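Student: What follows is a predicted protein model with its sequence.
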Amino acid sequence: MQKSELDNANPTIRDVSQLPSRRGKQAPVRRGPESKYDDLIFGKKQSSLGTFRRNVSSWPSDDEDEEDYADGFTQEPIDEQEIYDLISTISDPEHPHTLGQLSVINLADIHITPSPATRTAPDALHTVLVEITPTITHCSLATVIGLAVRVRLERALPPSYRVDIKMKEGSHAQDDQVNKQLADKERVAAALENDTLKGVIDKMFTTCTR
């Protein structure tokens, strides 16, 4: 595609250093339900024998509350920053930049219900709402971007998380139409069976770090 054919040939680009981050703190890696119990089965890598002994000595006695001890194995709740980390590194289908750099994905436009700060049961249902802001209001690839974000999250998140992808209000001239397409599970499934579209989305994932 020639530069003159791009929907937005000169988008505003943010430097990677300007993007929200945990300032060096790595978010927990989540690979879906198949790896849910990896830490319990295989154990975490210990830095020394002393650490191993401390862990063994901390095994609960008969007098201790097993439920309280089990809390030590509970993963930290998934928060908005972790969702941002998963999808902000997706490549834009037109430009050699990520959705985070182009401000198509913004931390403030990611909402989790109920809030991660609320203590809930491990298998409680959560909804992740991501509002997308195309670089221009007539972006012809808005649906493709929305599909990529949906696929990325559905592959990465546990089954107790539901994903809702929408255009941010007023950000696209046909936001109602695009939102209906992204919310229609049958249309989404049919679109992902298209080899050409699947190839575009897979290419968008090549810049994702995990």
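Tutor: Cool, the structure landed. Residues are numbered from 1 along each chain as shown.
Student: residue ranges with poor pLDDT in this structure?
Tutor: 1-6, 23-75, 210 (pLDDT under 70).
Student: tell me the domain ranges of it?
Tutor: Here the domain assignment for the chain is 38-73, 76-207, based on automatic domain parsing.
Student: any residues touching the longest helix anywhere in the chain, and which ones?
Tutor: Scanning the chain for the longest helix, with DSSP state H as the assignment, gives helix 142-156. Contacting residues not belonging to helix 142-156 are listed as 30-32, 83, 86-87, 90, 92-93, 99, 104-105, 128, 130, 132, 134, 139, 161, 163, 165-167, 172, 178, 181-182, 188, 191-192, 197, 200-201, 204-205, 208 [CB atoms under 8 Å, 6 or more residues apart in numbering]. Heads up, the C-betas are built off the backbone N, CA and C, glycines and all.
Student: Go through that helix and flag the buried ones.
Tutor: 142-153, 156 (16 or more other CB atoms under 10 Å).
Student: Let me see the ranges of the strands in the chain.
Tutor: 110-113, 126-132, 161-167 (DSSP state E).
Student: out of the ones you listed, nearest to residue 8?
Tutor: Proximity to residue 8 (CB to CB) singles out strand 126-132 among these, at 14.3 Å.
Student: Using PDB, write down the CA coordinates of that closest one.
Tutor: This file holds the C-alpha atoms of strand 126-132, laid out as PDB (Å, rounded to 0.1, in the frame of the first residue of the first chain):
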ATOM      1  CA  HIS A 126     -15.100 -10.300  34.900                       C
ATOM      2  CA  THR A 127     -15.800  -8.000  31.900                       C
ATOM      3  CA  VAL A 128     -12.900  -6.200  30.100                       C
ATOM      4  CA  LEU A 129     -14.100  -3.200  28.100                       C
ATOM      5  CA  VAL A 130     -11.600  -1.700  25.700                       C
ATOM      6  CA  GLU A 131     -12.500   1.500  23.900                       C
ATOM      7  CA  ILE A 132     -10.500   2.100  20.700                       C
END
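Student: residues of that strand that come out buried?
Tutor: Neighbour-count burial for strand 126-132 flags 126, 128, 130-132 (criterion: 16+ other CB under 10 Å).
Student: quick one: the helices in the protein?
Tutor: Using DSSP H, the helices of the chain run over 38-42, 49-57, 66-70, 80-87, 142-156, 175-183, 185-192, 195-204.
Student: Now do the end-to-end distance for stretch 160-175.
Tutor: Start-to-end span of stretch 160-175 (CA to CA, to the nearest Å) is 27 Å.
Student: and that stretch, which residues are buried?
Tutor: So, applying 16+ other CB under 10 Å, buried residues of stretch 160-175: 161, 163-167, 171-172, 174-175.
Student: do stretch 102-109 as well
Tutor: Neighbour-count burial for stretch 102-109, counted by 16+ other CB under 10 Å, picks out 102-106, 109.
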